[in-house]
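Colleague: I'd like to go over a predicted model; first the sequence, then the structure.
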Amino acid sequence: MSFVDKTLKCRDCGNDFVFTAGEQEFYQQKGLMNQPSRCRPCREARRNSMGSTGRSERAPREMHTVICAECGTETQVPFLPTKDRPVYCSSCFDKVRGVARS
């Protein structure tokens with residue numbers, strides 16, 4: 001397959017940038033289906049804003065206070081429990097799952 005340089009518009013800054021034939025070939029070799037939507041400076045800025053985790057900063061998770069179905073200890077979980085399923089503290093969850101915590 002022969003590739004030709006394409007001019008794309010950056011979704012962040014709105015500037016035109018070139019998606020080179022070599023980059024297109026690289027994307028194809030790696031099985032990447034979508035072409036880039038950001039220019040190199042905006043991709044780098046976005047990557048830098050994500051920090052070392054590789055993810056953007058999120059708001060803290062909403063925690064819900066529950067009583068462990070096994071030991072009766074009050075604990076917090078990051079999901080809204082439903083009435084039809086038991087909820088466990090970390091220690092009891094590991095025991096129920098058969099995993100020893102180090």
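Modeller: Received it, and whenever you're ready, just let me know what you need.

Colleague: List the residues that contact the nearest residue in space to residue 66 that is not next to it in sequence.
Modeller: Using Cβ to Cβ, 6 or more residues apart in numbering and skipping the chain neighbours, the partner closest in space to residue 66 is residue 87 (4.7 Å). Quick note: C-beta positions are derived from backbone N, CA and C, even for glycine. Going by Cβ atoms under 8 Å, 6 or more residues apart in numbering, residue 87 touches 66-69, 75, 77, 81.

Colleague: which residues in this protein form helices?
Modeller: Assigned by DSSP state H, the chain shows helices spanning 21-29, 40-49, 90-97.

Colleague: which stretch among the ones you listed comes nearest residue 61?
Modeller: helix 90-97 (15.1 Å; Cβ to Cβ).

Colleague: May I see the buried residues of that closest one?
Modeller: Within helix 90-97, the residues scored as buried using 16 or more other Cβ atoms under 10 Å are 92-93.
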